[in-house]
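Asker: Any chance you can model this:
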Amino acid sequence: MRDVYMAAGRADDMQRVLTVMSHRKLQKQDGISQLEVLSAVSGKYQPLKVSVDDQRFVDDRRWIDNLLKSAGYVQTDASLAESAPAVEAGEEDLSGCGHTEMLALAHALRVNPKDRPIRITKNVRVCLNCHEATKCVAKVTGRDIYVRDANVSHHCRPDGTCSCGDYWS
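Answerer: Here you go, the predicted model:
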């Protein structure tokens, strides 16, 4: 509800939800993405957990921001950017909200073979910005990208469409 109120510009209601959560000692569940990565050792796909705090993915984040910028992508959900991890001065954060699925996607594009689809699993819903950015990346790279979130399986196709029929829009 906090995010819904934030997106609607209802700061008082958002603060009320945060207060209730604090009194009840409730915490928002952290988003975690898991990515299938081809192992150089076994030649099989192995799961890789992706965290926004993991320094291995800093370069991947910059890389996907540059890819989105070169494609002319414009962030669709600015309200969620408030909760994004800070970027260095002078840098744009086009992957929007710094969510783990964008880090996982960037990493997969760099390490997985180009002829293989990308598969990402999330424990929470994909936000609108990440959904639109993933469709853009699928179109620019010509790759099939599968993202399974808490409620929906998304198949972002090379033509820039998603199997969910843009349920978010």
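
Asker: quick one, what contacts residue 153?
Answerer: 146-147, 163-164 (Cβ atoms under 8 Å, 6 or more residues apart in numbering). Where you see a C-beta, it was placed from the backbone N, CA and C, and this is true even at glycine.

Asker: Neighbours of residue 122, how many?
Answerer: For residue 122, the neighbour count with other Cβ atoms under 10 Å is 22.

Asker: ok, now residue 22?
Answerer: 10.

Asker: Pull up the per-residue confidence for it.
Answerer: With respect to pLDDT, residue 22 scores 81.

Asker: Now it, what are its backbone angles?
Answerer: Main-chain dihedrals, residue 22, degrees, to the nearest 10: phi -70, psi -50.

Asker: how is this structure carved up into domains?
Answerer: Residue ranges for the domains of the chain, per automatic domain parsing: 1-29, 31-156.

Asker: Quick check: which element contains residue 65?
Answerer: helix 58-70 (DSSP states H and E).

Asker: Am I right that residue 135 sits in a helix?
Answerer: Yes - per DSSP: H, G, I helix; E, B strand; the rest coil, residue 135 lies within a helix segment.

Asker: which residues sit in contact with it?
Answerer: Contacts for residue 135 (Cβ under 8 Å, 6+ apart) come out as 156, 160-162.

Asker: Tell me which of those residues fall in strands.
Answerer: residue 156 (DSSP state E).

Asker: Please, where are all the helices along this protein?
Answerer: Secondary structure of the chain (DSSP state H): helices at 2-7, 11-23, 58-70, 100-111, 128-141.

Asker: circling back: just flag whichever of the domains of the chain has the lowest average confidence.
Answerer: domain 31-156 (a mean of 74).

Asker: got a pLDDT number for residue 157?
Answerer: The model's pLDDT for residue 157 equals 96.

Asker: For it, grab the count of nearby residues.
Answerer: Residues near residue 157, counting by other Cβ under 10 Å: 15.

Asker: What of residue 148?
Answerer: Neighbours around residue 148, by other Cβ under 10 Å: 16.

Asker: isn't it right next to residue 154, touching?
Answerer: Yes - between residue 148 and residue 154 there is a contact under Cβ atoms under 8 Å: 7.5 Å.
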